[in-house]
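Colleague: output the structure for:
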Amino acid sequence: MALVTTKAIVLSTLKYSDSSLIVKCYTQDEGLKSYLIRGVLKAKKGGIKIAYFQPLTQLNINANHSNKGTLNSIKEVQVSYSYKTIYKDIIKQSVVLFLSEVLSYSIKEEEKNKALYEYIETGLIWLDIHDKIANFHLLFLLNLTRFLGFYPDVSEKDNLGFDLIEGNFNSLTSHKNRITGNSFYQFKKLLGINFDGIEKVSFSKHERQVVLKIIIRYFELHLDGFKKPKSLQILETVFS
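Modeller: Numbering: from 1, shown residues only. Here you go, the predicted structure:
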């Protein structure tokens with residue numbers, strides 16, 4: 001058992017008994033970790049509060065980490081970045097709920113990946129301080145693939161189709177996991193831009209849904225065990 005101080009982002013929570021939670025976090029220093037937070041649902045004044053464990057809350061934690069693959073424990077917790085708008089805005093709440101699901105299904109590594117942590121952290125802060133965020137989740141997911149190891153190979157991007165299995169642009173015969181036509185054109189809009197460039201990208205409601213479905217399919221093809229997020233329908237409703 002080692003005492004560790006690290007930043008952490010909450011990915012998911014699961015009720016455990018009448019008073020406790022199992023909380024899965026992505027930590028800056030030790031990758032993916034799960035914690036048993038005893039008594040948090042009946043917390044007394046001054047104890048660890050359930051409010052700390054909302055989806056994608058950014059924390060500083062002092063925790064006991066076990067090396068035996070068992071659940072860890074948190075001794076002290078503080079919010080490292082307090083969101084100004086995310087928990088007050090129904091659209092941003094829906095985006096965060098959706099992204100927390102995707103991240104839970106996508107991140108499996110139990111070792112340090114500072115670049116991935118900082119990408120998630122920076123993206124969430126961008127979401128919190130900007131207003132035009134209708135396409136944020138699309139770019140967040142596409143650029144997340146850089147850190148997961150399957151960002152599109154753009155070396156042949158002048159070809160007229162994108163192969164979701166191979167992750168590259170080509171002009172081969174069409175198959176069900178190759179996108180062409182308008183879907184392909186809309187997908188390409190997201191390539192090579194950062195969050196500050198997303199405001200210049202325009203999608204209709206239908207186009208946004210098409211691109212999101214393409215990206216979700218891309219994740220399904222490249223990540224073992226990836227599930228279509230339950231909150232996908234909520235997100236589509238919010239942006240419709």
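Colleague: residues in contact with stretch 7-22?
Modeller: Residues from elsewhere that reach stretch 7-22, judged by C-beta atoms under 8 Å, 6 or more residues apart in numbering: 23-29, 32-42, 50, 52-61, 71, 80, 100-101, 103-104, 107, 117, 120-121, 124. Heads up, the C-betas are built off the backbone N, CA and C, glycines and all.
Colleague: next secondary structure after the lengthiest strand in the chain?
Modeller: Selection of the longest strand in the chain by residue count, based on DSSP state E, yields strand 2-16. Where DSSP states H and E defines the elements, the next helix or strand beyond strand 2-16 is strand 20-27.
Colleague: now do that next one and strand 2-16, the angle between them.
Modeller: Using axes from the mean of the first three to the mean of the last three C-alpha atoms, to 10 degrees, one finds that strand 20-27 and strand 2-16 are set 130 degrees apart in direction.
Colleague: name the spans of this protein whose pLDDT lies under the cut-off.
Modeller: Scanning the chain for pLDDT under 70 picks out the ranges 43-46, 69, 173.
Colleague: got the buried residues for the longest strand of the chain?
Modeller: Within strand 2-16, the residues that qualify as buried are 4, 6-13, 16, counting by 16 or more other C-beta atoms under 10 Å.
Colleague: sheet-wise, list the partners of that strand with their directions.
Modeller: Strand pairing for strand 2-16, determined by DSSP bridges: strand 20-27 (antiparallel), strand 58-65 (antiparallel).
Colleague: contacts for the last one next, please.
Modeller: Under the contact criterion C-beta under 8 Å, 6+ apart, strand 58-65 has outside partners 1-10, 25, 27, 30, 33, 35, 52, 72-81, 121, 124.
Colleague: may I have the helix or strand following that strand exported as PDB, CA atoms only?
Modeller: Per DSSP H and E, the first helix or strand lying C-terminal to strand 58-65 is strand 73-81. Extracted as PDB, the C-alpha positions of strand 73-81 are listed here (Å, rounded to 0.1, in the frame of the first residue of the first chain):
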ATOM      1  CA  SER A  73      -9.100   4.200  -0.800                       C
ATOM      2  CA  ILE A  74      -9.200   8.000  -0.700                       C
ATOM      3  CA  LYS A  75      -8.000   9.800   2.400                       C
ATOM      4  CA  GLU A  76      -8.400  13.400   1.400                       C
ATOM      5  CA  VAL A  77     -10.000  15.100  -1.700                       C
ATOM      6  CA  GLN A  78     -10.300  18.600  -3.000                       C
ATOM      7  CA  VAL A  79     -11.700  20.000  -6.300                       C
ATOM      8  CA  SER A  80      -8.700  21.000  -8.400                       C
ATOM      9  CA  TYR A  81     -10.700  23.000 -11.000                       C
END
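Colleague: what are the pairing partners of strand 73-81, and which direction each?
Modeller: For strand 73-81, the pairing partners within the sheet under DSSP bridges are strand 58-65 (antiparallel).
Colleague: all set now, cheers.
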